[in-house]
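Predicted structure and sequence below. I'll ask about it afterward.
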Amino acid sequence: MPTPAFFNTPGDSCPSPDLIAFLSDHCSSILVLGRAFPSYRLFVIGLGIVMFLAVAILLRKTRLGIIIRAGVQDGEMVQALGINVRRIFTIVFALGAALAGIGGVAAAPIIGVNLGIGQEFLLQSFIAIVIGGMGSFGGATAGALLVGLARAFGDQLVLSGVQIPFLEDAIKMSPSIARASTVIIMALVLLIRPAGLFGKKD
């Protein structure tokens, strides 16, 4: 899936020196701290922040969010108050599917489109939730950041290798090390805090 033309316009002024200049020249990269960074990836990061804030406001500041959280804690009591919990959970499922669709469309120009596009992220999202703590929205966010950084550093470590001072060549590692890094972090977190970083014991 090609990158939208809005984020991929060639020109002599590229890369854009700042965000304001990007709005007029639509370069494929923007200078961030002196280094060129793909503008579309910055858009995806911004989209993720907007989605996070929208879900946080929905869950914390709206009546629907209060009902959702109450339904998760004690669905029978919420049902006894005259609220259709099944309908609420259907709405939650639809919202989750919509967010997944937005994420898939946004990530498609970066990772490509295939039938199993969601399979790669299912395990990573589960690990992020376990690291952050079940039932904690902020914890899930922190877990997602840790998982993303672990994968990024793991991929870089695999590409560049580990340089030992007394060895001439860097030691190359298997690509599976990058995938295992997130599981290692999860295991370390659970050893220290079995409920996760922000999880609470029942």
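Looks like it arrived, so ask away.

Which residue would you name as the spatial centre of the chain?
residue 144 (5.3 Å; CA atoms, centre = their mean).

ok, that one - contacts?
Contact partners of residue 144, counting by CB atoms under 8 Å, 6 or more residues apart in numbering, are 125, 128, 132. Any C-beta I mention is one placed from the backbone N, CA and C, and that applies to glycine too.

mind checking pLDDT for it?
Model confidence at residue 144, given as pLDDT, is 87.

Same check on residue 175?
pLDDT recorded at residue 175 is 69.

Likewise for the one 3 residues further on?
pLDDT for residue 178: 71.

closest to residue 103 among the contacts of residue 144?
Of all these, residue 125 has the smallest distance to residue 103: 10.3 Å, by CB to CB.

So that closest one: helix, strand or coil?
Of the three states, residue 125 takes helix according to DSSP: H, G, I helix; E, B strand; the rest coil.

Please tell me how far it sits from residue 108.
18 Å (CB to CB, to the nearest Å).

Isn't residue 70 up against residue 78?
Yes: the pair residue 70 and residue 78 qualifies as a contact (CB atoms under 8 Å) at a distance of 5.0 Å.

Residue 114 in helix, strand or coil?
coil.

phi, psi of it?
Phi and psi for residue 114, reported as degrees, to the nearest 10, are phi -150, psi 170.

What is the distance between the helix ranked longest in the chain and the centre of its chain?
For the chain, the helix with the greatest residue count under DSSP state H is helix 85-111. Relative to its parent chain, helix 85-111 has a centroid offset of 13 Å by CA atoms, centre = their mean, to the nearest Å.
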